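[1] Here's my sequence, what's the structure:
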Amino acid sequence: MRGVSEQVAQVIDQMVAANANWHQAYLNRAGYRQKLGQIKDADQDIARALELAPTYRGVLLAAADAAQAARQYEKARAILERSLAS
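    Modelled structure (predicted):
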């Protein structure tokens, strides 16, 4: 099973490399990494998605979810308020 996970990760990394300026590529990889428990890497992907699309609600919601999962409730609230303003 590990081989399959490595292959999936490789394909997702290739997708990101081919679409390095597309926020959704980073969100997709972040979601996969979260499922694997690679939280630090997922957070980096979400941060990059925020750089690319700072007002896109899907990105803001993913960032708020990540902050909430990290028990950073004030940060999550601030991001959610930002999403309402956009």
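
[2] Please, which helix or strand holds the most centrally placed residue in the chain?
    When Cα atoms, centre = their mean is applied to the chain, the residue found nearest the centroid is Ile46 (3.1 Å). Taking DSSP states H and E as the criterion, Ile46 maps to helix 39-52.

[3] Which elements pack onto that helix?
    When contacts are defined as 3 or more Cβ pairs under 8 Å, 6 or more residues apart in numbering; DSSP states H and E, helix 39-52 packs onto helix 23-35, helix 57-69. For the C-beta atoms, the positions are set from N, CA and C on the backbone; glycine is no exception.

[4] Going by neighbour count, list what's buried in the last one.
    Read it as helix 57-69. By neighbour count on 16 or more other Cβ atoms under 10 Å, the buried set for helix 57-69 is 59-60, 62-67.

[5] How about the first one?
    By neighbour count, and taking 16+ other Cβ under 10 Å as the criterion, the buried residues in helix 23-35 are 23, 25-30, 32-34.

[6] so where is this structure shaky, pLDDT-wise?
    Scanning the chain for pLDDT under 70 picks out the ranges 1-2.

[7] rewinding a little: what would the helices and strands packed on helix 39-52 look like in TSV with distance to Asp13?
    Shown next, in TSV, are those (distance: least, Cβ to Cβ, whole Å):
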stretch	distance to Asp13
helix 23-35	7
helix 57-69	18
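
[8] Ser83 is nearest to which of the ones you listed?
    Ser83 sits nearest to helix 57-69 of all the helices and strands packed on helix 39-52, at 3.9 Å, using Cβ to Cβ.

[9] any idea how far Lys75 lies from Gln38?
    For Lys75, the distance to Gln38 equals 20 Å [Cβ to Cβ, to the nearest Å].

[10] in terms of contact, does Val8 touch Tyr32 like I think?
    Yes. Between Val8 and Tyr32 there is a contact at 7.1 Å, judged by Cβ atoms under 8 Å.

[11] secondary structure class for Met15?
    What DSSP: H, G, I helix; E, B strand; the rest coil gives for Met15 is helix.

[12] what's near enough to touch it?
    Shown in contact with Met15 (Cβ atoms under 8 Å, 6 or more residues apart in numbering): 25, 28-29.
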